[in-house]
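> Pasting the sequence and the predicted model now:
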Amino acid sequence: MLSAQMKEQESHPDGATFSPTLEPQANLSSRQPEAPKGSAARKWIVLLVILAVVGAAVWKIRKNTQQQDSIQQIMAAQADRPTPVQVTAVQQKSMPIFLTALGTVTAYNTVTIKSRVDGQLMQVPVTEGQAVRQGQLLAEIDPKPYQAALEQAQGQLVKDQANAVNARAEAARYNALLQAGVVSKESQQLQASNAGQAEGAIAADEAAIQAAKVNLGYTKILSPIGGVVGLRQVDPGNIVHANDLNGLLVVTQLQPISVIFTLP
């Protein structure tokens, strides 16, 4: 670099001297720096990328439009064609059509098993969830009191039968004595009435025996239907009554069973 203090002497044709002086270094530094050469190239690259993206978008839109036009043309051509028909032999078989919907499963019969007599529950020989058949034993109540009542009724019948035999014999004798004129009509009618009462006592005893047998049979609780046993409400050893509200257990019939769907 040239210094600001350097001077150069040149000769002029007229004999004068000319001394040019260089600009100071401070004036050189005040000039603006030139722009870097890479900035223009970067601008061109960005411009080219934008143009490429716009061109790709335009090309994609035109391509989609052409595809839609071709599809519409194909559909229009197919619509104008006659529908093809194929012929085959008729067959009878199940169609594989499955429909799904919510439904309700309801048992035809649900029975709450209750005791018809009072007594101590001796055993429940079935378990919860067990399938039982009609007539199977579900529970047993202590039969001793009802067995004793049956035997008492049977003993009373034997006694009344013996009294009836004697009453009939007395009525027959008084009838013969009345015919002979030995006894009065009133005595004969009294003996006939006694014989009738003895017959009535026998009939009452027979009815009592039948009732005792029925109660004795109620000590064994049998399943009225076939089904599945539900939750047990009373454990063996408890005293059950005929007027209990909850019952002993529940039997629900499962076969057959009703299934209701909302499908047509």
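Good, I have the coordinates.
> can you pull out the helices in the stretch 1-150 of the chain?
25-29, 38-80, 144-180 (DSSP state H, counting those that start in this stretch).
> From residue 187, how far out is residue 178?
Using CB to CB, to the nearest Å, we find residue 178 at a distance of 8 Å from residue 187. Just so you know, the C-beta spots here come from the backbone N, C-alpha and C atoms, and that holds for glycine as well.
> Neighbour count for those two, which is higher?
Using other CB atoms under 10 Å as the criterion, residue 178 and residue 187 rank with residue 178 on top: 17 against 13.
> For the closest residue to the more buried one other than its chain neighbours, give me its contacts.
Spatial nearest neighbour of residue 178, chain neighbours left out: residue 188 (4.2 Å); criterion: CB to CB, 6 or more residues apart in numbering. Going by CB atoms under 8 Å, 6 or more residues apart in numbering, residue 188 touches 171, 174-175, 177-178.
> how about a cut-off of 10 Å?
170-171, 173-179 (CB atoms under 10 Å, 6 or more residues apart in numbering).
> Over to residue 200?
Contacts of residue 200 by CB under 10 Å, 6+ apart are 160, 164.
> Check which residues of the strand or helix carrying it are buried.
In this assignment (DSSP states H and E), residue 200 forms part of helix 185-218. For helix 185-218, a neighbour-count test (16 or more other CB atoms under 10 Å) marks 188, 191-192, 194-195, 198, 201-202, 205, 208-209, 212-213, 215-216, 218 as buried.
> What of stretch 137-148?
For stretch 137-148, burial by neighbour count (16+ other CB under 10 Å) applies to 138-143, 145-146.
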